[in-house]
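>>> Sequence first, then the predicted structure:
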Amino acid sequence: MVPPYDPYEGIPLETGYITSSSHQSLVNDTIVVGNSAEQGYHQARIENVPGDILGYDARTGQFKWKFNVIPQPGEYGHETWENDAWEWTEMYLLGPTFCPPRERPGLYSNNSATIDYYGGFRPGDNLFAASIIALNASTGKGHGTSSLCIMRFGTSIHQRHQSHWILMSMVAIFLQ
């Protein structure tokens, strides 16, 4: 099991590493950052670090919020990651993102889950994988909800292929 990582300190080097897979977005006083773990066709292991969406105060750099792209126990959608697949799989945020001014939701596109060409080791619908997620950039939450995103559009249920190019195109359409 991959231990949770601290947004202030990062992760232990023996766990892996985090890279940036999308540009950062500035929305009012919040910098929204997407991150990812090891990528590519030759991953070193099946376990990986989730590429959660993070919000930081633009003036102070202080951590504000984290949206778990793989729902944790007690969060909406956690039950869609069967056989404890949520403990070790990953996905990551991709650009472009659509971040409107004020308190309107931003749109963020997510990739499919770890080793997307085979999904047998992560049964279930795998909520927030291969999805467009709408979040309030100031809070990391949907309007009027606790931790639920406002909108989620998935290209497929339990995807087994790279669908992020479709999602990136769809977010780009919103930018028009």
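Alright, I've got the coordinates.
>>> rest of the way, CA atoms for contacts and neighbours
Noted.
>>> any low-confidence regions in the protein?
Low-confidence segments of the chain, defined by pLDDT under 70: 1-23, 35-50, 88-107, 109, 111-112, 114-121, 142-176.
>>> Could you work out the end-to-end span of stretch 72-81 for me?
10 Å (Cα to Cα, to the nearest Å).
>>> Show me which positions of that stretch end up buried.
77, 78, 79, 80, 81 (16 or more other Cα atoms under 10 Å).
>>> residues near the nearest residue to residue 67 once chain neighbours are set aside, how many?
Spatial nearest neighbour of residue 67, chain neighbours left out: residue 53 (5.1 Å); criterion: Cα to Cα, 6 or more residues apart in numbering. Neighbourhood size, residue 53 [other Cα atoms under 10 Å]: 21.
>>> swap in the one 10 residues further on?
For residue 63, the neighbour count with other Cα under 10 Å is 15.
>>> Please, which helix or strand holds the nearest residue to it once chain neighbours are set aside?
Using Cα to Cα, 6+ apart and skipping residues adjacent in sequence, the residue nearest residue 63 is residue 56, 4.5 Å away. If you go by DSSP states H and E, residue 56 is part of strand 53-57.
>>> any idea how far residue 134 is from the residue nearest to residue 63?
17 Å.
>>> Quick check on those two: which one has the bigger neighbour count.
residue 134 (24 against 21).
>>> Run me through the strand neighbours of the helix or strand encompassing that one, direction for each.
In the assignment (DSSP H and E), residue 134 maps to strand 131-135. In the sheet, strand 131-135 lines up against strand 106-110 (antiparallel), strand 151-154 (antiparallel) (DSSP bridges).
>>> Can you report how many residues lie near the nearest residue to residue 85 once chain neighbours are set aside?
Closest residue to residue 85 apart from its sequence neighbours, by Cα to Cα, 6+ apart: residue 122 at 5.1 Å. Look at residue 122: counted by other Cα under 10 Å, it has 21 neighbours.
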